[in-house]
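Asker: predicted coordinates and the sequence they were generated for:
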Amino acid sequence: MSTNKVIVIGAGTMGRGIAQVFAQSSYEVFLHDAVPAALDSAVTSIHKMLDRAVEKGRMEADDVAATKERLHTVDATAKLTPCDLVIEAATEKPDIKIAILQEVQKFVADGGILATNTSSISITQLAAQTEKPDRFIGMHFFNPVPLMKLVEVVKGLQTSDETVAQTIAIAETVGKTPVKCNDHPGFVSNRVLMPMINEAIFTLQDGVAEPDAIDTIMKLGMNHPMGPLALADLIGLDVCLFILEVLHRDLGEDRYRPCPLLRKMVQAGRMGRKTKHGFYSYD
Ligand SMILES: NC(=O)c1ccc[n+]([C@@H]2O[C@H](COP(=O)([O-])OP(=O)(O)OC[C@H]3O[C@@H](n4cnc5c(N)ncnc54)[C@H](O)[C@@H]3O)[C@@H](O)[C@H]2O)c1
C-alpha cells in the first residue's frame, strides 16, 4: 500500500499535531472538525509553529510553504474523498467516536486503514462497530505530536498482522518510533503513567507537599523531564480523570480509583493548561 493522502478527524490538541507531522512528511492532509472555529485555530497554530521553525533555522522557507499547501481543511465530511489512511482524533467519548467511525469508514480506500488516536477506549470495541475490524487499529500519538517520537501501535483482537505492519511502516515515514502493544485498558502508556499521576494528586490531597515540591522531587529524584502534576495539567485533568475511570472500571482494582481532588478540580472547570488553571496557573 502506498499512502500519500491522509484524513484526520478532529482538529484539537492532537488532531492538529498529527495533521502537521503528516503534512511536513509530504502527505496531502485533509483535516476535518465539526467545529469550524477549531479548524481555523488549528491552521493558525500550525502556521505559527512552521513559521517559528523557519525563524529558528530548523526548516527551509520553501519546505514550510509546501507543507502549508499540503494541509487542507474540510468543513463537512460530505466533502471528503477516499484516502488510504483515516485517523480519528476527536473528543474522547465512545459515542462520538463510534458515530464518526461509522460515518468516515466509507472514505477509507480499498486496502486502506482506519485508525484511532484514543488514549483509553478499547480498540476492539471500536473496531467491532466498523465494517472492517481487521483494518482498524490504534495509532496513539503523544502530546505535543510534532516533538514526541513515540506512537503506540495498538492491535485490537481482530486487527490483522498486515494492518499492524503497514501502520508501523507509515508511522516511520513521519519520523516517529512506533511500538506495538495489544489492546488492554490504558494500553502500556496510560496504564503505567496514570497511577503515578493519580498518586501525586493523592500526595497533594494528603498535604504531604505543595505541587511544586512534588514535581521537583519527581523531576530531580527520578530524572523525569516534567513532574506528574505539571504533566497532568498538560494532558488535561478531564482527560486524566476519564482514563482513570476506564482503568478503574475495566480492570476492577482499587489502585486505579481516581483521587477525589482530581474529580473536584474537573468539577470546578480547572482542566489544566487548556483552561489556564490546573495545579498551576497559566497566564
Ligand atoms: N491531549 C492529550 O495529551 C492526548 C494524548 C494522546 C491521545 N489523546 C487522544 O486524542 C483524542 C483527541 O484529544 P484532544 O486532546 O486533541 O482533544 P480536544 O478536545 O483538544 O479536541 C477534540 C476535537 O474533536 C472535535 N470533535 C468533536 N466531535 C467531533 C465530530 N463529531 N466530528 C469531528 N470533530 C469532532 C472537537 O471539536 C475538538 O476540536 C482523544 O481520543 C484523546 O484521548 C489525547
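Answerer: Perfect, thanks for sending it. Numbering: from 1, shown residues only.

Asker: with the ligand as the reference, measure out to Glu28.
Answerer: 19 Å (CB to the nearest ligand atom, to the nearest Å). (Glycine included, C-beta is placed from N, CA and C.)

Asker: then Lys79?
Answerer: Counting by CB to the nearest ligand atom, the gap from Lys79 to the ligand is 13 Å.

Asker: just the CA coordinates of the helix or strand Asp215 falls within, formatted as PDB?
Answerer: Using DSSP states H and E, the element containing Asp215 is helix 211-222. Output in PDB follows, covering the C-alpha atoms of helix 211-222 (Å, rounded to 0.1, in the frame of the first residue of the first chain):
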ATOM      1  CA  PRO A 211       2.600  21.000  43.900                       C
ATOM      2  CA  ASP A 212       6.000  22.500  43.100                       C
ATOM      3  CA  ALA A 213       7.700  20.300  45.700                       C
ATOM      4  CA  ILE A 214       6.100  17.100  44.500                       C
ATOM      5  CA  ASP A 215       7.100  17.900  40.900                       C
ATOM      6  CA  THR A 216      10.600  18.900  41.800                       C
ATOM      7  CA  ILE A 217      11.200  15.700  43.800                       C
ATOM      8  CA  MET A 218      10.000  13.600  40.900                       C
ATOM      9  CA  LYS A 219      12.000  15.600  38.300                       C
ATOM     10  CA  LEU A 220      15.300  15.600  40.200                       C
ATOM     11  CA  GLY A 221      14.900  12.400  42.100                       C
ATOM     12  CA  MET A 222      13.600  10.200  39.200                       C
END
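
Asker: what about the closest residue to the ligand within the stretch 151-283 of the chain, how many neighbours?
Answerer: As assessed by CB to the nearest ligand atom, the ligand sits closest to Ile235 within the stretch 151-283 of the chain, at 4.4 Å. When neighbours are counted by other CB atoms under 10 Å, Ile235 registers 24.

Asker: retrieve the pLDDT associated with it.
Answerer: Per-residue confidence (pLDDT) for Ile235: 90.

Asker: what do you get for Asn143?
Answerer: At Asn143, pLDDT is 89.

Asker: 813 is where my numbering starts, stick with that
Answerer: Okay, using 813 as the starting number, the last item reads as Asn955.

Asker: wait, isn't it in contact with Gly824?
Answerer: No. Counting by CB atoms under 8 Å, Asn955 sits too far from Gly824 to count as a contact (10.4 Å).

Asker: can you give me the strands in the stretch 813-962 of the chain?
Answerer: 817-821, 840-844, 883-886, 895-900, 920-928, 948-953, 962-967 (DSSP state E, counting those that start in this stretch).

Asker: turn those into TSV, including distance to Leu1063.
Answerer: Listed next are these as TSV, based on distance: least, CB to CB, whole Å:
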stretch	distance to Leu1063
strand 817-821	29
strand 840-844	34
strand 883-886	38
strand 895-900	24
strand 920-928	20
strand 948-953	18
strand 962-967	16
